[in-house]
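1. Everything below, folded, please.
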Amino acid sequence: MQGLWKVRRLVRVLRDRSSILSNSEQLHTIEVSRFSLQWRCQHTNLVSPSYTGMSGNPMQGESKYPRESVLSLKCHVLQRSSYSSEATDAGSGSTETVKGIYEKILKSIVEQRSAPPNAFLWSLIEKCSNQEDIILLFDVLKRLRIFRLSNLRIHENFNCALCQEVTKACIRVGAIQFGKKALFKHNVYGLSPNIGSAHYLLMYAKQHNDVDLMVDIMKLVLKNDLPLQAGTADLVFSICYNNDNWELMCKYGKRFVKGGVRLRQGSFDLWMECAAKMGDVDSLWKIEKTRSESMNRHTISSAFSCAKGFLIDCKPEEAAAIIQVFYENSPESKRQAVMAELQKLVNEWPVEVIKHQKEESRKELAGTLQKSIPAMINALSNIGAKLEIDVDSLT
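-> Okay, the predicted model is just below:
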């Protein structure tokens, strides 16, 4: 009995081992078959981008392409399952709403081979709230561009309005590097670069007082041949002025003028104020000449900038004259502002302009202003200018 029991046990072990080997071989066969099918699928897609291009009677299509149709369907199932896992990994940190819209767009272009509704893309842009959402957005833009080219034969980029909204979404979540991509003339996302997108980025740079970002944006604007506008100058001059960067302001100012940009009065005011603050009278008079060619009347800022230039040039009478003319031509409601600006010119500007001079030039300029400012005040006696001057502060 004991010998018979051992024989039966040995037979059972051998049978189980045979079953395990058989299952292992089956699994290996399935994997090889799956790999072969994936390779054939990729090869078929390279040769024939779309399997939905068949026309005519469905039955005729089935008899004409029986093998190809079945193969394409199997390939599509494999690709979709693989793609879905990749999409999940890419959007692991994104919001659920964005991932949902992202999947809908992919389903439309991958499974249905049809253009998704425009509302999907606009909604995706609107819902982006973090960096991961922006990554999904740019992935969709890239895939939509390929789909439009290969399936719809649309070679044009998305319109400028969409490009600007994409830029705003990038700024909203702080993905500035992605926002810069919207300025490239040649990009894989189908975006149409325009100066409006650059302005949104410049506004962000202004809010964060970021000169380096402004320089990067302006490089992209010039490199990609985006047309400079008056609004561009307003933003650039404002950033340069707030950061006391006279060299950059001059550099871009010359570029704007050379490019034929019609600067607004506000840009001229900042440019001239900065020139007067730096004591660069040569640049000041060149700017004033350019300003006077397009504008007849002074603002309070441009008038006092010219007055400061006259004071540096030791021409107190001319400085008094320009202030007096502006004062007399101003309505009664604005004359108090003129007097306040005159007070600042006397008490604040001299110290500031001397501070920006080279060490060897400061004493000479201080001596000039010690003579010019009192002479200007005396000449302004007709408008009742009674100001206290601390001459000792200029030494």
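2. Residue 234: neighbouring residues, count only.
-> Using other CB atoms under 10 Å, residue 234 has 18 neighbouring residues. Glycine gets a C-beta too; all of them are placed from N, C-alpha and C.
3. Next up, identify which helix or strand it is on.
-> Here residue 234, judged by DSSP states H and E, is contained in helix 230-242.
4. Could I get the average pLDDT for that helix?
-> Per-region confidence: helix 230-242 scores 98 on mean pLDDT.
5. So which other helices or strands are in contact with that helix?
-> helix 195-207, helix 211-223, helix 246-258, helix 265-278 (3 or more CB pairs under 8 Å, 6 or more residues apart in numbering; DSSP states H and E).
6. So residue 227, which state does it fall into?
-> The local conformation at residue 227, judged by DSSP: H, G, I helix; E, B strand; the rest coil, is coil.
7. going forward can the numbers begin at 827, since that is how I track them
-> All right, first residue 827 from here; so that's residue 1053.
8. before we move on, back to that, can you state the direction angle for the helix holding residue 1060 and helix 1021-1033?
-> In terms of direction (axes from the mean of the first three to the mean of the last three CA atoms, to 10 degrees), helix 1056-1068 departs from helix 1021-1033 by 20 degrees.
9. any weak-confidence spans in the stretch 827-976 of the chain?
-> For the stretch 827-976 of the chain, applying pLDDT under 70 flags the ranges 827-920.
10. Could you find the closest non-adjacent residue to residue 1027?
-> Nearest non-adjacent residue to residue 1027, counting by CB to CB, 6 or more residues apart in numbering: residue 1043, 5.0 Å away.
11. residues touching the one you found, list them.
-> 1006, 1009, 1024, 1027-1028, 1031 (CB atoms under 8 Å, 6 or more residues apart in numbering).
12. Show me where the stretch 877-1026 of the chain has its helices.
-> 884-890, 892-916, 922-932, 944-953, 957-976, 986-999, 1002-1007, 1021-1033 (DSSP state H, counting those that start in this stretch).
13. Can you spell out which helices and strands pack onto the shortest one?
-> It stands for helix 1002-1007. helix 957-976, helix 986-999, helix 1021-1033, helix 1037-1049.
14. Report the mean confidence score over that helix.
-> 96.
15. Need the contact partners of that helix.
-> In contact with helix 1002-1007 (CB under 8 Å, 6+ apart) are residues 960-961, 964, 992-993, 996-997, 1013, 1015, 1017, 1023, 1026-1027, 1030, 1039, 1042-1043, 1046.
16. residue contacts, residue 988?
-> 947-948, 951, 1017-1018.
17. actually residue 1137, not the one I wrote
-> Residues counted as contacts of residue 1137 (CB under 8 Å, 6+ apart) are 1145, 1194-1195, 1198-1199, 1202.
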